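S.K.: Provide a 3D model corresponding to the input given below.
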Amino acid sequence: MNNLDVKETLRHLNLLGPEDVERIDVKSNMALICAVGDDLLARCGVSADIFGAVRDAGANVELISEGASDVSLNFVVPSGMALNVVQTLHRKFVEE
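M.R.: Here you go, the predicted structure:
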């Protein structure tokens with residue numbers, strides 16, 4: 001989501017009652033990265049390998065989304081680290 005749209009989105013979300021949403025937190029300057037591969041979640045240790053590469057890139061994972069698809073693992077890192085993370089993942093999983 002573009003940072004310019006956050007205020008408008010929050011305004012709409014705040015119209016929901018407390019029975020619908022307990023709390024909303026917004027973090028700016030974050031990047032969503034999606035690692036994709038056949039049977040990704042069925043392979044033992046692949047998540048550790050991916051997050052090991054993220055560590056090697058010097059980034060911290062802020063959020064993980066796993067299980068919505070058998071072929072993808074989504075995670076959020078600080079946007080300033082995204083290019084380095086993607087390059088590190090590419091070297092580890094594509095170039096090897």
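
S.K.: name the element L10 belongs to?
M.R.: In the assignment (DSSP states H and E), L10 maps to helix 6-13.

S.K.: list the buried residues for that helix?
M.R.: Judged by neighbour count (16 or more other Cβ atoms under 10 Å), helix 6-13 contains no buried residues. In short, each C-beta sits where N, CA and C put it, glycine included.

S.K.: run through the neighbouring helices and strands of the helix or strand just after that helix.
M.R.: Later in the chain than helix 6-13, the nearest helix or strand by DSSP H and E is strand 30-36. Where contact means 3 or more Cβ pairs under 8 Å, 6 or more residues apart in numbering; DSSP states H and E, strand 30-36 is packed against strand 72-78, helix 82-93.

S.K.: next one: strand 30-36 to chain centre, how far?
M.R.: Offset of strand 30-36 from its chain centre (Cα atoms, centre = their mean, to the nearest Å): 4 Å.

S.K.: can you list the strands that that strand pairs with?
M.R.: Applying DSSP bridges, strand 30-36 is found paired with strand 72-78 (antiparallel).

S.K.: export the partner strand as CSV, just CAs?
M.R.: Output of strand 72-78 as CSV, limited to C-alpha atoms (Å, rounded to 0.1, in the frame of the first residue of the first chain):
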residue,chain,number,x,y,z
SER,A,72,4.9,-19.4,-1.4
LEU,A,73,6.3,-18.0,1.8
ASN,A,74,5.7,-14.3,2.4
PHE,A,75,7.5,-12.1,4.9
VAL,A,76,8.1,-8.5,5.7
VAL,A,77,11.5,-6.8,6.1
PRO,A,78,12.5,-3.1,6.4
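
S.K.: residues making contact with that strand?
M.R.: Outside strand 72-78, the residues within contact range by Cβ atoms under 8 Å, 6 or more residues apart in numbering are 29-36, 40-41, 46-47, 50-51, 54, 59-66, 68, 85.

S.K.: alright, that wraps it up for me.
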